[in-house]
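In: 3D, please:
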Amino acid sequence: MKKCLLTIVTLGLIASQLMAQTDPKAQEILKGVSAKYKSYKSVSTSFKLNLLDQKSKKTTVQSGTVSLKGAAYNFAMSGQTVMCDGKTTWTYMKESNEVQISDNKPMVDAISPTTIFTMYEKGFKSKFLAEKKVAGKAIQLIELTPDDNKKNYIKIQLTIDKVGKYVSEAKVFDKNGNIYTYSIVKFTPNATLTDDLFSFNKAKYPGVEIVDLR
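Out: Numbering: from 1, shown residues only. Sure, this is the predicted structure:
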């Protein structure tokens, strides 16, 4: 009888843990966001990256743009532009007028403006936090915690635009006490993006130094 009771209690604890890991409301919201994003042929955004070092209380703000079309992307920030056609990646540095060419090797765990719209799909436990209005817009807050505690971040807080069904902000809390906030300033679905946006044309960069790392 005692063994039976212990088994029931143990199973109950396991079930409650699993429920906490797969918050139904959070999953429903994220599935809706994922389905909406995958319905677009392309996406163009402008964003701001705010880095807060909680130890020094210093804040750094940078702006950039990112365009996505299938596996191809164009990411520009702080005088650096990364172009990728899905197979090859070109990283151009304006200050040195240099471009580095490499094979495209997507980093599964990378968190950046090119991944914030889909990064939540695997490797995380999700939890619905709240729904509220900010500047007249309805937003939903979801907290993600990584399945792998070896990650260099503790948690990620996503802000979802309820009507548009897209991630409007991702706040990453790392283990060093830094907070990285990616805020989408402008989100344009199904933007008209030509293929030349995702590859490097040296004719447009006179005197460019090419470093082929392949």
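In: now do the contacts for residue 83.
Out: 73-74, 89-90, 92, 197-200 (C-beta atoms under 8 Å, 6 or more residues apart in numbering). Just so you know, the C-beta spots here come from the backbone N, C-alpha and C atoms, and that holds for glycine as well.
In: also residue 176?
Out: By C-beta under 8 Å, 6+ apart, the neighbours of residue 176 are 55, 152.
In: could you do residue 79 as well?
Out: Neighbours of residue 79 in contact, by C-beta under 8 Å, 6+ apart: 93-95.
In: now those in JSON lines, with secondary structure?
Out: Listed next are these as JSON lines, based on DSSP: H, G, I helix; E, B strand; the rest coil:
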{"residue": "93", "secondary structure": "strand"}
{"residue": "94", "secondary structure": "coil"}
{"residue": "95", "secondary structure": "coil"}
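In: who wins for neighbours among those residues?
Out: residue 93 (15 neighbours; other C-beta atoms under 10 Å).
In: gap between that residue and residue 76?
Out: Using C-beta to C-beta, to the nearest Å, we find residue 93 at a distance of 11 Å from residue 76.
In: likewise for residue 151?
Out: Relative to residue 76, and taking C-beta to C-beta, residue 151 is found at 27 Å.
In: ramachandran angles for the spatially most central residue of the chain?
Out: Nearest to the geometric centre of the chain sits residue 116, at 1.6 Å (C-alpha atoms, centre = their mean). When read as degrees, to the nearest 10, the backbone of residue 116 gives phi -70, psi -20.
In: hmm, it is touching residue 167, no?
Out: Yes - Residue 116 is within contact range of residue 167, at 5.3 Å (criterion: C-beta atoms under 8 Å).
In: list residues touching both of these two?
Out: Common neighbours of residue 116 and residue 167 (C-beta under 8 Å, 6+ apart) are residue 158.
In: quick revisit: in TSV: the contacts of residue 79, plus distance to residue 51.
Out: Listed next are these as TSV, based on distance: C-beta to C-beta, whole Å:
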residue	distance to residue 51
93	20
94	21
95	20
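In: can you put these in CSV and add pLDDT and distance to residue 133?
Out: Shown next, in CSV, are the contacts of residue 79 (pLDDT from 0 to 100; distance: C-beta to C-beta, whole Å):
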residue, pLDDT, distance to residue 133
93, 96, 42
94, 95, 40
95, 94, 42
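In: just to revisit the earlier point, for residue 183, see how far away the residue nearest to the centre of the chain is.
Out: On the measure of C-beta to C-beta, residue 116 and residue 183 end up 10 Å apart.
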